[in-house]
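# Return a 3D structure for these sequence lines:
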Amino acid sequence: MKKEIKTLADIRRIVAFGDSVTFGMSASAPERCWASLTAQMLEKWSGAPVELRNKGVSASILCRETPAYEFAANPCGLERLHRDVIAQQPDLLLVAYGLNDSRGGTSPSVFRRDYQRM
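Numbers count the residues shown, from 1 in each chain. Model prediction:
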């Protein structure tokens, strides 16, 4: 049975799903990446523990139709969706894709379509 989230205080598990920015590549330490800071703020606000499952992958792209697919970290986001998001049963999903997709030549219409599909 799926747990109903009524308020932010009900969030106990967060999945952050995306590319190297989500992973924390540019952060000075893992606990300083945006996903970790978001979980820390929510935990402080709610007064209860919040588990973060950071599923950011460096060089990840959202979809296979990116011209740079063969050079990207595979599987792509849509291919990882079940394993890295659905199977984790998050109360909150944070998604950050687009940098590698745009740099890799993904058209805006393909990116929008696959982001909505996700």
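
# Is residue 93 in a helix, a strand, or coil?
Secondary structure for residue 93, judged by DSSP: H, G, I helix; E, B strand; the rest coil, is strand.

# And for it, nearest residue in space, chain neighbours not counted?
Spatial nearest neighbour of residue 93, excluding adjacent residues (CB to CB, 6 or more residues apart in numbering): residue 15 at 5.3 Å. For every residue, glycine as well, the C-beta is placed using N, CA and C.

# That neighbour: how many residues sit nearby?
Number of residues near residue 15 (other CB atoms under 10 Å) recorded here: 22.

# right, and it touches residue 86 too?
No. With contact defined as CB atoms under 8 Å, residue 15 does not count as touching residue 86 (9.3 Å).

# what do those two both touch?
Shared contacts of residue 15 and residue 86 (CB atoms under 8 Å, 6 or more residues apart in numbering): none.

# Point out where the chain drops to low pLDDT.
For the chain, applying pLDDT under 70 flags the ranges 1-2.

# Name the residue closest to the centre of it, please.
Note on the chain: the residue nearest the mean C-alpha position is residue 17, at 1.3 Å, using CA atoms, centre = their mean.

# mind checking which helix or strand it is in?
strand 13-18 (DSSP states H and E).

# Buried residues, the helix or strand just after that strand. List them.
Sequence order places helix 20-23 as the next helix or strand after strand 13-18, per DSSP H and E. Buried residues in helix 20-23, counted by 16 or more other CB atoms under 10 Å: 20, 21, 22, 23.

# now stretch 33-49
33, 34, 35, 36, 38, 39, 42, 43.

# Quick check: nearest residue in space to the third one, chain neighbours excluded?
Nearest residue to residue 35, sequence neighbours excluded (CB to CB, 6+ apart): residue 16, at 3.5 Å.

# residues near that neighbour, how many?
27.

# What residues are bridge-paired with it?
Assessed by DSSP bridges, residue 16 has beta-bridge partners residue 54, residue 94.

# Lovely, talk soon.
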